[in-house]
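Engineer: Sequence first, then the predicted structure, then my questions.
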Amino acid sequence: RADCMMLYEEEKLQLQDKITKLKSHVSLTADLWSSNQNLGYLGVTAHYIDEEFELQKKIIAFKQISYPHNSFAVQDGITACLMEWDLVDRVFSVTLDNASVNNRAIRDLRAALGPQMFFNGEHLHVRCAAHVLNIMVQAGLQVIPNAIKRIRDIIKVATSTPSRLQTFNSIVQTLGLRGKSGLVLDVPHRWNATYDMLHEALKYKAALNRFAAEQFQDCPSEVEWQDAAWLHEFLEQFSDATKAFSADRHPTAHMFVKMMMAIRDVLLDEAWNANSLLNALAEAMYTKFEKYWAAPSMILLIAAVLDPSMKADFVKFYFMTVESAEVQEKMRELKQYLNQYYLEYERIVRNIAGPVFTSHEEEVLSQGESSSSGLRGKRRVELAFAQFSSQNSRTRLERSELDIYLDDPRVVVRAGENFNVLAWWKKNSDAYPILSLMARDFLSIPVSTVSSESAFSCAGRILGKNRTSLSPETLEALVCAKDWLFGLNDADEGKFHI
């Protein structure tokens, strides 16, 4: 334990030093987890884009929080993390799921620390898109609870005992299909488990029908299988969206508006009208869509603008498509916030770089003072002309980086091509020094809390049934140190154990 704690403290100092030297801000994701000790923990992950335009994520806190797990406990946990890592004025956004407890916690956090935060914490709160999407699909599935009941029931029977699973696998082999160690059975509160169940069930349709007949179970009818196929096709659209929102190894903020429009397009597709089942499902989901995504967060709209393949044109397209009224007013509001943020980053860049330009007046005066020859009137004329020229040049150069960026043509991306937005900003950082710093902050915003939830899987393995006496401090040290040393990448899972 002493060795682990010492290593944790050493790595923590190095990470704190690295974050302190960052020129950009830090976005956070946070979520709650209950251990097998019946203790509540708040996991906090920091996200930032470094000078090499690489997206980084680090677990910076895994702290026990007091019971009950209300808004005050969440607020206190996040505040303690901000204080410990000196991030009060460096935090850019906090992504949480849509629980009312989290909404109140962020509101109270802004009330307490807002004046010390960047941009007064006006757009601090980002709601987890994957969580909202889960709420939408669950609302739809509640409307059609019996549509796939028989398919679910036959899978329950097939996986209930080893002997029945063996019988099912013998049928699978007879039909020339690949054997299964188990079938996916959906669970409440995870809609994608229903999609995964249907995905496998449709592949093993013949085997499930034969198993049901041999076991004297109710066999799903062809109509039920057809409904399952339609439902699988419908849910597949949202499975892709969930994967896009849940990515944490590349930016997701700039994709949010486009993915939200794609989801809306699927829900309003008239093709579902031909099927009463899917029509009811789409209507229930669209009701939730309008509740939660009627107006995207301003910082996610700005993140879309900072994608050079979309820029402000795409946001205008969004307003015209989704919110046809008051498009001009909404675009004015967007550009107003863009300019306000741009001025903040211009000030930051000037403070970092120091005085870069020497005024024409100072230059002419210094030249005049260094020269003993020439008429005083001539020097005054030269000074007056320099001031006149400077004013004219300022008029010509009034176009800021932001204006130039917005006026330049969008980057054309072919259909199916993966555009690396961070590579583009790295390549063009010299042309847009202010905007590139701004892009680092906006593009590092995570639109889901999946990265924090991945820490819970690690914590669950560390705090297993054989190690339930670990103290909260030791658990935090083990979870954080593993992340800092090895990361929680899929390739690393199972390789390293602390």
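Structural biologist: That came through fine.
Engineer: Is residue 60 in a helix, a strand, or coil?
Structural biologist: strand (DSSP: H, G, I helix; E, B strand; the rest coil).
Engineer: tally of neighbours for it?
Structural biologist: Residues lying near residue 60 (other C-beta atoms under 10 Å) number 23. No exception for glycine: its C-beta is placed from N, CA and C like everyone else's.
Engineer: Look up how far residue 28 lies from it.
Structural biologist: Separation of residue 60 from residue 28 (C-beta to C-beta, to the nearest Å): 8 Å.
Engineer: Are there residues contacting both of those two? Which ones?
Structural biologist: Common neighbours of residue 60 and residue 28 (criterion: C-beta atoms under 8 Å, 6 or more residues apart in numbering): 44, 45, 46, 81.
Engineer: Out of those residues, which sit inside helices?
Structural biologist: Judged by DSSP state H, the shared contacts of residue 60 and residue 28 include residue 81 as members of helices.
Engineer: and residue 253, how many residues sit next to it?
Structural biologist: Using other C-beta under 10 Å, residue 253 is surrounded by 29 other residues.
Engineer: Max pairwise distance over the shared contacts of residue 60 and residue 28: which two?
Structural biologist: 45 and 81 (10.3 Å; C-beta to C-beta).
Engineer: any residues in contact with both of these two?
Structural biologist: By C-beta under 8 Å, 6+ apart, the residues touching both residue 45 and residue 81 are 28, 30, 60.
Engineer: Could I get the full set of strands for the stretch 251-400 of the chain?
Structural biologist: Assigned by DSSP state E, counting those that start in this stretch, the stretch 251-400 of the chain shows no strands.
Engineer: List the contacts of residue 41.
Structural biologist: Contacts of residue 41 (C-beta under 8 Å, 6+ apart): 32, 33, 34, 35, 62, 63, 64, 65, 459, 472, 475.
Engineer: Assign a three-state SS to it, would you?
Structural biologist: Secondary structure assignment for residue 41 (three-state DSSP): strand.
Engineer: Can you tell me the SS state at the nearest residue to it once chain neighbours are set aside?
Structural biologist: Among residues not flanking residue 41 along the chain, residue 33 sits closest, at 4.8 Å (C-beta to C-beta, 6 or more residues apart in numbering). Here residue 33 is strand, with the state taken from three-state DSSP.
Engineer: Against residue 214, how distant is residue 33?
Structural biologist: Separation of residue 33 from residue 214 (C-beta to C-beta): 43 Å.
Engineer: Compare those two and say which is more crowded by neighbours.
Structural biologist: Ranked by neighbour count (other C-beta under 10 Å), residue 33 and residue 214 place residue 33 first, with 18 against 11.
Engineer: circling back to that earlier point, got a list of what the residue nearest to residue 41 touches?
Structural biologist: 40, 41, 42, 43, 455, 456, 459.
Engineer: Determine which two of those are furthest apart.
Structural biologist: Maximum pairwise distance in the contacts of residue 33, criterion C-beta to C-beta, is 14.2 Å, between 40 and 455.
Engineer: Which one's more surrounded, the two?
Structural biologist: residue 455 (24 against 20).
Engineer: The more buried one: helix or strand, and which one exactly?
Structural biologist: Using DSSP states H and E, residue 455 sits in helix 450-462.
Engineer: what's that helix packed up against?
Structural biologist: strand 26-34, strand 40-49, strand 55-65, helix 472-486 (3 or more C-beta pairs under 8 Å, 6 or more residues apart in numbering; DSSP states H and E).
Engineer: In the stretch 1-150 of the chain, where is pLDDT below threshold?
Structural biologist: Counting by pLDDT under 70, the stretch 1-150 of the chain shows no low-confidence range.
Engineer: now swap in the stretch 251-400 of the chain and tell me
Structural biologist: For the stretch 251-400 of the chain (pLDDT under 70), the answer is 353-380, 382-397.
Engineer: which residues does residue 243 contact?
Structural biologist: Here residue 243 is in contact with no residues (criterion: C-beta under 8 Å, 6+ apart).
Engineer: Quick check: it vs residue 232, distance?
Structural biologist: Taken as C-beta to C-beta, the span from residue 243 to residue 232 is 16 Å.
Engineer: now do residue 305
Structural biologist: Distance from residue 305 to residue 232, counting by C-beta to C-beta: 36 Å.
Engineer: Next: residue 281.
Structural biologist: 12 Å.
Engineer: And the two? Which one has more around it.
Structural biologist: residue 281 (25 against 19).
Engineer: which residues of the stretch 201-350 of the chain fall in helices?
Structural biologist: Applying DSSP state H, counting those that start in this stretch to the stretch 201-350 of the chain gives helices spanning 205-214, 222-246, 256-267, 276-292, 298-305, 311-322, 327-353.
Engineer: can you redo the ones you listed as a markdown table with distance to residue 162?
Structural biologist: Listed next are the helices of the stretch 201-350 of the chain as a markdown table, based on distance: least, C-beta to C-beta, whole Å:
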| stretch | distance to residue 162 |
| --- | --- |
| helix 205-214 | 15 |
| helix 222-246 | 26 |
| helix 256-267 | 40 |
| helix 276-292 | 35 |
| helix 298-305 | 49 |
| helix 311-322 | 52 |
| helix 327-353 | 60 |
